[in-house]
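1. Pasting a predicted model and its sequence here:
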Amino acid sequence: MTIAYRTALELAAGIRAGEFSASELTELFIDRIERYDGDINAVVVRTFEDARERARAADEAQARGESLGPLHGVPMTIKESYVIAGTPSTWGIEAFRDNVADEDGLAVRRFRAAGAHFLGKTNVPTDLADFQSYNPIYGTTGNPWDTGRTPGGSSGGSAASLAAGFCGLEAGSDIGGSIRNPAHFCGVYGHKPTYGVIPMSGHELVSNIPEADLAVCGPLARGADDLRVALGIMAGPDEREALGWQLHLPAADFKALKDLRVAVWPTDEAAPVASEVADRVVMVAQTLSKLGARVSDSARPAFDVLDAHRNYQTLLNSVMTAAMTDEQVAEAEAAAAALDPADDSFTAVQIRASVLPHREWIRSNTQREQLRLAWSAFFEDWDILLCPQMATPAFPHDHSPMIGRRLTVDNAEQPYFQQLFWAGMIVNSYLPSTVFPTGPSREGLPIGVQAVSAPYRDYRTIEFARQIGEEIGGFVAPPGYDSP
């Protein structure tokens with residue numbers, strides 16, 4: 001496999017060993033972006049000259065015998081929604097086209113302190129609100145496995161950049177699967193951390209605003225070890241909070257897969273997945289069973305899944321509609337007032353959530369607390385939950401109005417945003433989840449699976465992803481990008 005497809009830690013090791021310099025590695029990735037990204041359109045903001053300067057500085061430090069950190073000299077890209085000095089952070093919103101930052105955000109500073117430098121920023125959907133990555137500023141990003149299909153969203157450019165071999169490491173964000181569905185669609189690794197362990201500061205349109213409910217930042221990579229290191233770099237309180245508290249995530253608490261208790265949830269009537277996606281979850285479970293792990297296909301947390309999904313939709317849409325204009329609020333209030341009080345359809349839930357009174361939000365949050373307690377009880381008996389991330393592999397681009405979109409799952413149409421079910425129940429209860437690749441579908445497209453665990457057991461799910469990758473195979477490069 002070409003150097004460009006090594007993991008970030010392998011690239012850092014190559015620099016330390018003198019196999020190549022940071023400057024040579026940076027030029028390799030720049031050449032690949034210039035050669036291949038025309039069709040993919042992943043790296044939409046490019047900072048090549050700054051990357052070259054910082055790579056030279058890394059090489060000079062190496063010559064002096066100095067280490068800049070675990071990512072010494074490693075070129076990264078990062079989601080457009082993060083803040084880098086001198087670059088726009090638009091979130092794909094036309095009104096923010098000229099929203100250029102004066103200084104680096106927190107996550108960028110932390111990656112720089114660990115020795116990495118940035119080649120540029122990667123594409124997103126408008127307002128980070130889609131399973132696809134297209135917007136009026138940067139256009140459409142294609143999946144390196146098939147550019148006629150989505151790489152996912154909202155961290156679609158992030159996963160596409162990794163899969164195409166344009167960088168060593170990436171960081172995205174997730175409120176409805178936005179790290180995990182791109183990882184699934186593009187065949188890379190992605191980690192959605194426990195809520196609150198990584199500050200959202202520096203992932204923003206406007207600085208100095210409070211962190212939103214549900215949303216998290218987290219890493220994407222071509223290997224689980226990279227996720228572990230990147231999580232350690234990104235996590236921990238920001239400067240103001242660090243005066244009073246420190247984060248100590250427990251290490252992975254098992255040595256071998258045979259030691260684990262694993263619950264398996266391949267599909268559900270509330271959100272059926274394609275048979276080959278469900279079969280892939282079962283395949284992973286069978287592999288674990290053969291290794292000696294305790295595996296159950298019937299263990300479930302003690303709550304009604306439809307009620308849980310409505311609760312997530314309520315809390316999600318409360319966040320996603322917070323910036324509505326007065327006119328939009330008035331329209332939504334009228335729509336909510338016109339609903340039948342007995343209508344508890346997902347569409348009705350979304351409409352009501354967009355104008356939810358604060359007292360009703362508090363009640364919904366109380367309902368969420370009962371879900372969190374149910375998950376805590378569940379993870380006293382089980383170490384890992386395996387489940388799908390999305391219902392299908394990557395689907396063709398669809399830029400039709402969102403409200404009318406449908407997704408075909410085994411010849412049956414589903415509402416487009418029904419896909420939030422599998423990502424949402426994990427987000428809503430603040431659980432950590434690592435998506436890992438499991439190999440191609442019948443059409444040759446990647447399929448990923450989620451490994452979920454109890455709050456703050458992030459390193460458990462990452463280590464699980466690392467070990468299962470050794471059993472079933474990890475990242476595989478898409479065809480057509482093999483030259484150096």
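-> Great, that's in hand. Since we're looking at a predicted model, the values are computed, not measured. Numbers count the residues shown, from 1 in each chain.

2. SS state for residue 13?
-> helix (DSSP: H, G, I helix; E, B strand; the rest coil).

3. and it, how many residues sit next to it?
-> The number of residues packed near residue 13 is 13, by other C-beta atoms under 10 Å. (Glycine included, C-beta is placed from N, CA and C.)

4. what's the answer for the one 3 residues further on, then?
-> The number of residues packed around residue 16, counting by other C-beta under 10 Å, is 12.

5. now swap in residue 473 and tell me
-> Residue 473: 11 neighbours (other C-beta under 10 Å).

6. Relative to residue 312, how far out is the residue lying closest to residue 88 once chain neighbours are set aside?
-> Leaving out its chain neighbours, the residue that sits closest to residue 88 by C-beta to C-beta, 6 or more residues apart in numbering is residue 100, at 5.1 Å. Using C-beta to C-beta, to the nearest Å, we find residue 100 at a distance of 35 Å from residue 312.

7. How about residue 383?
-> Counting by C-beta to C-beta, the gap from residue 383 to residue 312 is 24 Å.

8. how far does stretch 403-421 stretch from start to finish?
-> 17 Å (C-alpha to C-alpha, to the nearest Å).

9. pLDDT of stretch 456-468, averaged?
-> Mean per-residue pLDDT for stretch 456-468: 99.

10. swap in stretch 442-451?
-> For stretch 442-451, the per-residue pLDDT averages 98.

11. Residue 383 and residue 312: who's more crowded?
-> residue 312 (25 against 22).

12. Now for the more buried one: which residues touch it?
-> Neighbouring residues of residue 312 by C-beta atoms under 8 Å, 6 or more residues apart in numbering: 420, 424, 425, 427, 428.

13. Look up how far residue 444 lies from residue 350.
-> On the measure of C-beta to C-beta, residue 350 and residue 444 end up 35 Å apart.

14. if we can go back for a sec, is it true that the residue nearest to residue 88 touches residue 83?
-> No: the criterion here is C-beta atoms under 8 Å, and residue 100 misses it with residue 83 at 9.8 Å.

15. Between these two, tell me which one has more neighbours.
-> residue 83 (26 against 14).

16. show me the contacts for the more buried one.
-> Per C-beta under 8 Å, 6+ apart, neighbours of residue 83: 89, 101, 103, 104, 105, 108, 202, 203, 204, 207.

17. same deal with residue 70?
-> So residue 70 contacts 9, 12, 114, 115, 229, 233 (C-beta under 8 Å, 6+ apart).

18. what do you get if the cut-off is 6 Å, keeping everything else the same?
-> 114, 229 (C-beta atoms under 6 Å, 6 or more residues apart in numbering).

19. Could you say which helix or strand holds it?
-> Under DSSP states H and E, no helix or strand contains residue 70.

20. how far away is it from residue 226?
-> Taken as C-beta to C-beta, the span from residue 70 to residue 226 is 10 Å.

21. repeat for residue 300
-> Taken as C-beta to C-beta, the span from residue 300 to residue 226 is 32 Å.

22. With residue 134 instead?
-> Counting by C-beta to C-beta - residue 134 and residue 226 are separated by 27 Å.

23. Grab the most central residue of this structure for me.
-> Centroid-nearest residue in the chain, with C-alpha atoms, centre = their mean: residue 179, separated by 0.9 Å.

24. Could you pull up the residues touching that one?
-> By C-beta under 6 Å, 6+ apart, the neighbours of residue 179 are 155, 172, 190, 192, 218.

25. Farthest-apart pair in those residues, please.
-> Pairwise distances across the contacts of residue 179 (C-beta to C-beta) peak at 10.3 Å, for the pair 155 and 192.

26. These two - which one has more neighbours?
-> Neighbours per residue (other C-beta under 10 Å) separate residue 155 from residue 192, with residue 155 holding more: 37 against 30.

27. what's near enough to touch that one?
-> 79, 172, 178, 179, 182.

28. Point me to the helix or strand that includes residue 375.
-> Going by DSSP H and E, residue 375 is part of helix 358-381.

29. Sweet, I'm off.
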